[in-house]
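Q: Here is the input, now give the coordinates:
(4 chains)
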Number of protein chains: 4
Amino acid sequence: MPDNPTIAVLGTGRIGKMHAELVARQVPGLDVSAVFDVYTEGAEAVGADLGVPVAANAEEIMASDCDAVAICTSTDTHVDLVVAAAEAGKAIFLEKPVSLDLAEVDRALAAVDAAGVPMQVGFNRRFDAAHASVKQAVANGECGDLHMLRITSRDPAPPPIEYINVSGGMFRDMTIHDFDMARFVTGSEVTEVFAKAAVRVDPAIGEAGDVDTAVIMMTHENGCITTIDNTRQAVYGYDQRVEAFGSKGMAVSENPRSHTTEIHTAAGTNQATIPYFFLERYIPSYLAEWSGFVEGLSTGVMPVTGIDGRAPLVLGLAAMKSVEENRPVAVNEIA
Amino acid sequence: MPDNPTIAVLGTGRIGKMHAELVARQVPGLDVSAVFDVYTEGAEAVGADLGVPVAANAEEIMASDCDAVAICTSTDTHVDLVVAAAEAGKAIFLEKPVSLDLAEVDRALAAVDAAGVPMQVGFNRRFDAAHASVKQAVANGECGDLHMLRITSRDPAPPPIEYINVSGGMFRDMTIHDFDMARFVTGSEVTEVFAKAAVRVDPAIGEAGDVDTAVIMMTHENGCITTIDNTRQAVYGYDQRVEAFGSKGMAVSENPRSHTTEIHTAAGTNQATIPYFFLERYIPSYLAEWSGFVEGLSTGVMPVTGIDGRAPLVLGLAAMKSVEENRPVAVNEIA
Amino acid sequence: MPDNPTIAVLGTGRIGKMHAELVARQVPGLDVSAVFDVYTEGAEAVGADLGVPVAANAEEIMASDCDAVAICTSTDTHVDLVVAAAEAGKAIFLEKPVSLDLAEVDRALAAVDAAGVPMQVGFNRRFDAAHASVKQAVANGECGDLHMLRITSRDPAPPPIEYINVSGGMFRDMTIHDFDMARFVTGSEVTEVFAKAAVRVDPAIGEAGDVDTAVIMMTHENGCITTIDNTRQAVYGYDQRVEAFGSKGMAVSENPRSHTTEIHTAAGTNQATIPYFFLERYIPSYLAEWSGFVEGLSTGVMPVTGIDGRAPLVLGLAAMKSVEENRPVAVNEIA
Amino acid sequence: MPDNPTIAVLGTGRIGKMHAELVARQVPGLDVSAVFDVYTEGAEAVGADLGVPVAANAEEIMASDCDAVAICTSTDTHVDLVVAAAEAGKAIFLEKPVSLDLAEVDRALAAVDAAGVPMQVGFNRRFDAAHASVKQAVANGECGDLHMLRITSRDPAPPPIEYINVSGGMFRDMTIHDFDMARFVTGSEVTEVFAKAAVRVDPAIGEAGDVDTAVIMMTHENGCITTIDNTRQAVYGYDQRVEAFGSKGMAVSENPRSHTTEIHTAAGTNQATIPYFFLERYIPSYLAEWSGFVEGLSTGVMPVTGIDGRAPLVLGLAAMKSVEENRPVAVNEIA
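A: Presented below is the predicted three-dimensional model:
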């Protein structure tokens, strides 16, 4: 890898634009070489703002001399782009999910393996200081043997139905972060999944064939029992907590507040809301994720691998089957 | 009911002694008329301390002119004493659980119904100011429609194996409080139970045929999904939390602290432990429970009824079956 | 001292009644032998409730065979009763303040010294678990050298003007607790006092010649600078905090909450009010105070002495002079 | 003001470098035109990093066509640069303090007035979301009439003695922020100052003629009594709190945490440290400060004015005199 590696950003929607801006402005050791989006106007606006060229198509980027690519396009284009990038010898940053289809995920992983390029999957929450601190407390034994893990992951408001329609369903779109978190914190694979799901927030979500509320129980190889709860709408904000309980203690990442002022009146004490939007909460985690990528470029070892991108999809498929059949599903029934 | 009603306390073990002392010293409107225990020395010590007579046997109490009896004896004697008290026309305060056997519970309830005496079952946590405030927030609509409920109920240390042996198992001994809490907070009956359990704390508990760690998922008639987690050992103290999530917000009863001092050093901020022992946490709830009983004596309507004593046992039996068969169990499979 | 010492309670107003009830019902090792009040009906009600005789006058109590007396009468009667009790050889529990007049305090202390009886002054806050924990953190070096101490002491609502009229003024009535706390936590005497005071809550308090809002800065022999702030009305409750800052860290006793439920909505998170009334907050401290007294009866050494009763009055007089002359007042100008 | 205003940054030490980077990378609506520092290498490094030219001297900048200048040089050069910038018609961003000398401050303000250029003084804490929220609660009446204000402002560790030597002393260097905060939150001028100060952290600070620990009491025109406490070393981090108490309630900006994970063990609950360094805590306030400046460029009204730069110096001088003479000092004794 050269001293001053460069990355081209494919996809300049909300998340791709954010990545391009972060890398260009706040990530030491990595520069944006070009951007691309099928929606040309979007790419041009980002390119102009950052002072970087806009590629005409993905092939142009793969043929360029950039060292890495960030794949932030729509999910259905991920695997083809991963394969192309791998074949072009580029290091890869890939937004989650890898794909909604397990065979496709395997095709992507095979291409990456064959090419021997480093790839990092974008599970940014691993880099959140609070969640990472829970992981650390578990890893260094502060919690003792892990008995129970609890992940609260609630969006403040549902996405548009158009998004729901192409999302692959809540388990593969939203819970996938929590499946990853369960593996990350416990350091242990999941063996069984039981899930209940419902439409409680918006009937339109149900009409689109999806759910908006779910609770998932999972058993890990190490005996830990994990509970995840999800909703598409927590009116009080973006509720993101992880609680690890073990023989020696408990580590909990509580929610931050928009600010730390408290108002005390005869009605009690009021604290500011928790962050409402995922960017308010997680920008520092995206920055840390990029630091991990830059370090991975030089060491060749990425902190979140293709395997880490595949496993949560398997759990999502197991959860879907569990809801459909109302029974616990062994993970090895899926893959 | 007379102006100055009296109650005789049967059973002067830890919990019976506490009830006798609370009523004698801190509950206005109710006096202790006598105490009894098969362990005579214990009864005599409590009687001497409180200045009340010690009955020779339960029959003597049933034949006395006390207005009510508090049944705090071992669980296997509950139903016979309930039947005797009902036939004697006494109002009844009955410690949980009513019985480990559903047919026996029904026998007790039938006797109470036939006699038309008021009976209150001792689910003290309903009277805890924090949990009651969560229930209130749900009942008055502050949380909107209830989507998810989460009950954390963790003991600081396991009881002696001798206790485990006669406890009826964790679900009927410990979780029974949480099954009650789920019905209390949601105001809705449970239709399905899925449970996972394990021995993580002490192999001796497993050798005794019991479990010490469990997570239970339940579905209510109103669609709420409840998760309960239990352990016999949380080294950081008696962890008792209830979190109700709904369309308009969330109400959570957090743990109190032994005291409110915080120590700030270069290592962070340290808060005092949460209460370690259930009496530290719940004495005020026992006092409030007795206020409810005294009020019930005059109105004839008790705040926690025989039905409230029966339903959690059904859920315990469903949970046991779910663990055994590793599948969700419909409550109407049990009763 | 006999195995089962007894105490007679003089004064059955709010605070005396509370002490009588606590001792009679919840303090092991001490019994109430009799009660007395110039307001006969009050004394009779308490006596009847507790089943103890009512004395006709204080002399009857001094002549009785009780081991100790609790002096909870109006402040202006304190010293004569202390002298009489000392001469009668009784151990003494004396509510604060000893007297509003320094010469009178000295007369009381001289009588106690001459008689060699143990006396405890009722600074209950020393026995509050949180404040005591701050003291402990300072005493055991957790805070290092103490640089600054901050005492927040705010009543929820002003007392009636009739009370203000005989209170001796806010500094001798209310701040006296905080002067004691400053000595208790630092373990160091105060050398200089600067105070600002104002009437902000109720003009009627000003018309009565008193103030309702004050901030006091003090320097201790050990160099610690203490700040106390007082108000007669904090609408959000009884705000009682102590913050000790030193070279190694900070210990803070934060306010407890009425209960620990939090309500999360789109408007933020609301916690319950802090306790509104001093009895809600401090009943456990009164119980601990009585345990200290019972222990003092057997050891002969009381945890809060006559000297501890005198010193805060000196600081109150210094604060009054400081406000009057708008300058720092050296404590040795007073006494 | 043009659509795309530019600013030249004078001084590229720690604070100037930070401002240059923030403006260049994260402040929409303002570009850095050039940088300058007498320490040429520092300016060149910043210029290279940001891709902006380095000026040979301040005159070159004043003669350039930039719209504004940021004066982040050493304090003793501030006034001459303000005068030069004003005469050149530049809008001015001026780091605190304006000057250590009141006559010099007045010379700067006169030049700005004469030129009619907008000037903002760098009291960034006004833009901290938590402190600003306290100010807002006071301004909109949530606290009612303001009775007491408390400002805690503690550095984590003292600066080098070389810095102390040129700082003008703690009151003009560090407390100046708190004097500003007192005026900002109360919206009322200070009439009297009483201060106590000591050397508790490092004798070398005393040998340099300065203090490292201080408590200041002030009275405002509106009757509010403000207390400020300062130390050069709080080992637990950068402790920055503001507490406004009034007739209707209290607003408090508490400290944030480095992250929100809590570890619960048998030893209690441990929270992460508060931010240690002022940049960790206040970067968002610097960004908001620049937004205010950009808005001020277009409206001509700056959110923190020259008057706001002058008043805290007067209070600092009053505090110094108060310490020296151990008496309350009326502000109109100073100016």
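Q: Quick check, central residue of chain A?
A: A:F123 (3.3 Å; Cα atoms, centre = their mean).
Q: Just to check, that one is in contact with A:H177?
A: Yes - assessed by Cβ atoms under 8 Å, A:F123 is found in contact with A:H177 at 6.5 Å. The C-beta positions use only the backbone N, C-alpha and C, and glycine is treated the same way.
Q: Can you name the residues of the stretch 201-335 of chain A that neighbour chain D?
A: By Cβ under 8 Å from any Cβ of the partner chain, the residues of the stretch 201-335 of chain A that approach chain D are A:248-266, A:272.
Q: Those residues, buried ones only, as a ChimeraX selection?
A: Buried residues within those, by 16 or more other Cβ atoms under 10 Å in any protein chain shown, are selected in ChimeraX with:
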select /A:248,249,250,251,252,253,254,255,256,257,258,259,260,261,262,263,264,265,272
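Q: Identify the contacts common to A:F123 and A:H177.
A: Residues touching both A:F123 and A:H177 by Cβ atoms under 8 Å, 6 or more residues apart in numbering or on different chains: A:K96.
Q: Local confidence estimate at the closest residue to A:N270 other than its chain neighbours?
A: Closest residue to A:N270 apart from its sequence neighbours, by Cβ to Cβ, 6 or more residues apart in numbering or on different chains: A:I263 at 4.6 Å. Looking at A:I263, its pLDDT reads 97.
Q: now do the one 10 residues further on
A: A:T273 carries a pLDDT score of 95 in this model.
Q: go on, A:D3?
A: For A:D3, the model assigns a pLDDT of 80.
Q: Could I get the phi/psi values of it?
A: Backbone torsions for A:D3, taken as degrees, to the nearest 10, come to phi -60, psi -40.
Q: Run through who's touching the strand or helix carrying A:A48.
A: Following DSSP states H and E, one finds A:A48 within helix A:40-50. The contact list for helix A:40-50 (Cβ under 8 Å, 6+ apart) reads A:9, A:12-13, A:16-17, A:20-21, A:24-25, A:32, A:34-37, A:53-55.
Q: Need the buried ones from these selected in PyMOL.
A: Of the contacts of helix A:40-50, the buried ones go into a single PyMOL selection, burial set by 16+ other Cβ under 10 Å:
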select buried, chain A and resi 9+12+13+16+17+20+21+24+32+34+35+36+37+53+54+55
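Q: before we move on, what SS does A:V38 have?
A: Of the three states, A:V38 takes coil under DSSP: H, G, I helix; E, B strand; the rest coil.
Q: contacting residues for it?
A: So A:V38 contacts A:T73 (Cβ under 8 Å, 6+ apart).
Q: The stretch 51-200 of chain A against chain D: which residues are in contact?
A: So far as Cβ under 8 Å from any Cβ goes, the stretch 51-200 of chain A lies against chain D at A:D128, A:A129, A:A130, A:H131, A:S133, A:V134, A:A137, A:E142.
Q: Hmm, the second one is touching D:H259, no?
A: So the one you mean is A:A129. Yes - the pair A:A129 and D:H259 qualifies as a contact (Cβ under 8 Å) at a distance of 3.7 Å.
Q: and the closest residue in space to A:S298 that isn't next to it in sequence, how many residues sit next to it?
A: Counting by Cβ to Cβ, 6+ apart, A:M1 is the residue found nearest to A:S298 once chain neighbours are left out, at 5.7 Å. By other Cβ atoms under 10 Å in any protein chain shown, the residues close to A:M1 number 14.
Q: Distance check, A:M1 against chain D.
A: 21 Å (Cβ to the nearest Cβ, to the nearest Å).
Q: Kindly report the same for A:I176.
A: 23 Å.
Q: Read off the pLDDT value for that residue.
A: Per-residue pLDDT puts A:I176 at 98.
Q: mind checking the SS state of it?
A: Per three-state DSSP, A:I176 ends up helix.
Q: check which helix or strand covers the closest residue to A:K248 other than its chain neighbours.
A: Leaving aside its sequence neighbours, A:K248 sits nearest to A:G144 (Cβ to Cβ, 6+ apart; 3.0 Å). According to DSSP H and E, A:G144 maps onto no helix or strand at all.
Q: where along the stretch 151-300 of chain A do the strands fall?
A: A:190-198, A:213-220, A:225-231, A:239-246, A:250-253, A:261-265, A:268-271 (DSSP state E, counting those that start in this stretch).
Q: List phi and psi for A:L317.
A: The phi/psi pair for A:L317 (degrees, to the nearest 10) is phi -70, psi -40.
Q: From what I see, it and A:D101 are in contact.
A: No - using Cβ under 8 Å, A:L317 makes no contact with A:D101, being 9.7 Å away.
Q: Between these two, which is the more surrounded one?
A: Set A:L317 next to A:D101 and count neighbours by other Cβ under 10 Å: A:L317 wins out with 21 against 17.
Q: Beyond the helix holding A:A48, next helix or strand please.
A: helix A:58-63.
Q: Okay, buried residues for that following helix please.
A: Buried residues in helix A:58-63, counted by 16+ other Cβ under 10 Å: A:A58, A:I61, A:M62.
Q: what do you get for stretch A:297-308?
A: Buried, per 16+ other Cβ under 10 Å, within stretch A:297-308: A:L297, A:M302, A:P303, A:V304, A:T305, A:G306, A:D308.
Q: what about dumping the CA coordinates of it to PDB?
A: Written as PDB, here are the backbone C-alpha positions of stretch A:297-308 (Å, rounded to 0.1, in the frame of the first residue of the first chain):
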ATOM      1  CA  LEU A 297      -4.800  -1.000   4.600                       C
ATOM      2  CA  SER A 298      -1.300  -1.100   6.000                       C
ATOM      3  CA  THR A 299      -1.600  -4.300   8.000                       C
ATOM      4  CA  GLY A 300      -3.700  -6.200   5.500                       C
ATOM      5  CA  VAL A 301      -6.000  -7.300   8.400                       C
ATOM      6  CA  MET A 302      -9.500  -5.600   8.500                       C
ATOM      7  CA  PRO A 303     -11.300  -5.300  11.800                       C
ATOM      8  CA  VAL A 304     -14.700  -6.500  10.300                       C
ATOM      9  CA  THR A 305     -14.400  -9.200   7.700                       C
ATOM     10  CA  GLY A 306     -16.500 -10.900   5.000                       C
ATOM     11  CA  ILE A 307     -17.300 -13.600   7.400                       C
ATOM     12  CA  ASP A 308     -18.700 -11.000   9.700                       C
END
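Q: Can you lay out the buried residues of helix A:58-63 as JSON lines showing pLDDT?
A: JSON lines is the format used below for the buried residues of helix A:58-63 (pLDDT from 0 to 100):
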{"residue": "A:A58", "pLDDT": "98"}
{"residue": "A:I61", "pLDDT": "98"}
{"residue": "A:M62", "pLDDT": "98"}
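Q: Need phi/psi at the residue of chain A most remote from its centre.
A: Computed with Cα atoms, centre = their mean, the residue of chain A farthest from its C-alpha average is A:A266, at 42.3 Å. When quoted as degrees, to the nearest 10, the phi and psi of A:A266 stand at phi -60, psi -10.
Q: Domain parsing of chain A, as residue ranges.
A: A:6-117, A:126-278+A:311-333 (automatic domain parsing).
Q: Distance check, A:F277 against B:R125.
A: Using Cβ to Cβ, to the nearest Å, A:F277 is found at 37 Å from B:R125.
Q: neighbour-wise, which of the two wins?
A: Taking other Cβ under 10 Å, A:F277 and B:R125 do not tie; B:R125 has more neighbours (24 against 13).
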